[in-house]
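In: here is the input, now give the coordinates:
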Amino acid sequence: MKFDENLAAVHAYLCADGYVIKNPPTQKHKYYMMGLRNTNLTLLRDFQDRFEKVFGIKPYLIEGQRCRLGSKEIYEKLTNEFGSFYSWEWRMPKLNENLLKIWLRAYFDCEGWVTCKHHQNRHIGADCVNETGIYQVRDSLKKLGISCKVTKRSKRDIYSLYIYGKENISNFKDKIGFLHPSKKQKLDLIMNDFMDYYWKFPTKRNKQKEFVRGLLKKKAVIGKSNGVVRIFSNKEENLIKLRKTLNNLYNLESRIGRRRNGIGTIYFELNVNKQREVKRLISHNLLSNRERLKWLKSRR
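Out: Next up, the predicted model:
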C-alpha cells in the first residue's frame, strides 16, 4: 500500500473512532469488518472517500452512526502492515511532516475537543486509553512546534492531552486544524478570544491617517466639564506611538500619564487638553460625532 495522505487519514480514523476486527476463534460465523463510528456526517464522508481512494471500494455509510465495510483482503492488508487497531494497542506509523499533519487532523477530529471560556480557559484536548499512543501524539505535536502536556486521570486508566496558549493553539490551527465543523468553529472562537493589546500602526502615511482616524473615533472620550480628550490603553507603548504619529501627521501636542484604577490595575492615558489642539482634532475629523458635540457643549 502506498502511504499517502488518504491512507494517513484512514489510519488515524481507524485508531481513533474506528475498528478493524474479525470474528472470535470460537465463533463459527466468519467475518472481517472495518469502519468508523462517528455521528458527524462530514467525517464519515471524508473517511468513505479516502478509504475508496486507497482500496478501490466504497464503504457503506449509515448517516449519524458509522461507515463500514466487510473484506478479508483489506483486513489482512491493514493488520499485516500496521498491526492491531484496538484502542489499547494501536501505534502511530513513522510519517513525514506533511503526512503527520493529515494523521493528526483526522485523529483530533475524532478524539479532540475544543474549550473556549472567554479570557479564562482556552485549550484543545483529547482523551485516550492508549498510553503509548497518546505519548506518540504528544511527541508528534512537538515536532510541529506545538507544546502540550499529558496527564493520567487519578481514578481511571485514561490519559488526557492538553494544548494551551495562543502560540501553540495558533500553530495547531495553521498546521493541523479541524475538518469537523463545530470544532473548527470553536477553534476560530479561541483565536478571536486571544485579544492583541498592541496597536499595529501602518507604515504608509495615508494608511496611518486612516488607522488613527478609526482609532480615535472608537477610543477617544471627552470630559464633560473640562473638554479634555483622553485615550486609554493598558500598554504605554501604544500611546507613545500614537503621540508620535499625531505629532508627525498633524503637528499635534499631547501628553501621556500613568494611572491606577480602584482595584490597583495600572493603565495609561494620552491627553489632548489645549483648546487649539482639540479644535485641530475636530477639523481633521478625528473624533466621533458624539464626542465632538460633547466638546462643543463643554465650551458654552
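In: and the most centrally placed residue in the chain, how far from L179?
Out: In the chain, the centroid-proximal residue (C-alpha atoms, centre = their mean) is L187; its distance is 3.8 Å. Per C-beta to C-beta, to the nearest Å, L187 is found 11 Å from L179. In this view, the C-beta of every residue, glycine as well, is placed from N, C-alpha and C.
In: cool, and L100?
Out: Distance from L100 to L179, by C-beta to C-beta: 16 Å.
In: which of these two has more neighbours?
Out: Neighbours per residue (other C-beta atoms under 10 Å) separate L100 from L179, with L100 holding more: 20 against 16.
In: which residues does the nearest residue to that one once chain neighbours are set aside contact?
Out: The shortest distance from L100 to any non-neighbouring residue, by C-beta to C-beta, 6 or more residues apart in numbering, is to S140 (5.6 Å). Residues near S140 by C-beta atoms under 8 Å, 6 or more residues apart in numbering: 92, 95, 100, 103-104.
In: make it 10 Å
Out: Taking C-beta atoms under 10 Å, 6 or more residues apart in numbering as the criterion, S140 is in contact with 92, 95, 97, 100-101, 103-104, 107, 146, 176.
In: next, the buried residues of the helix or strand containing R68.
Out: Using DSSP states H and E, R68 falls within strand 66-70. Counting neighbours by 16 or more other C-beta atoms under 10 Å, one finds that the buried residues in strand 66-70 are 66-69.
In: how about low-confidence regions in the chain?
Out: 119, 225, 263, 300 (pLDDT under 70).
In: can you map out the helices along it?
Out: Applying DSSP state H to the chain gives helices spanning 5-16, 41-55, 72-82, 97-111, 131-143, 166-175, 181-193, 205-219, 236-250, 275-283, 289-298.
In: just send those helices back as a markdown table, with distance to M33 too.
Out: Below are those laid out as a markdown table (distance: least, C-beta to C-beta, whole Å):
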| stretch | distance to M33 |
| --- | --- |
| helix 5-16 | 12 |
| helix 41-55 | 13 |
| helix 72-82 | 8 |
| helix 97-111 | 18 |
| helix 131-143 | 22 |
| helix 166-175 | 33 |
| helix 181-193 | 27 |
| helix 205-219 | 60 |
| helix 236-250 | 61 |
| helix 275-283 | 73 |
| helix 289-298 | 68 |
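In: surely the residue nearest to the centre of the chain touches C116?
Out: Yes. In this structure L187 lies within contact range of C116 using C-beta atoms under 10 Å: 8.4 Å.
In: what touches both of those two?
Out: In terms of C-beta under 10 Å, 6+ apart, L187 and C116 are both contacted by the residues 122, 124, 169.
In: against N40, how distant is the nearest residue to the first one once chain neighbours are set aside?
Out: By that I understand R122. For R122, ignoring the flanking residues on the chain, the nearest one in space by C-beta to C-beta, 6+ apart is I190 at 4.7 Å. Here I190 is placed at a distance of 20 Å from N40 (C-beta to C-beta).
In: equivalent analysis for I57, please.
Out: For I57, the distance to N40 equals 22 Å [C-beta to C-beta].
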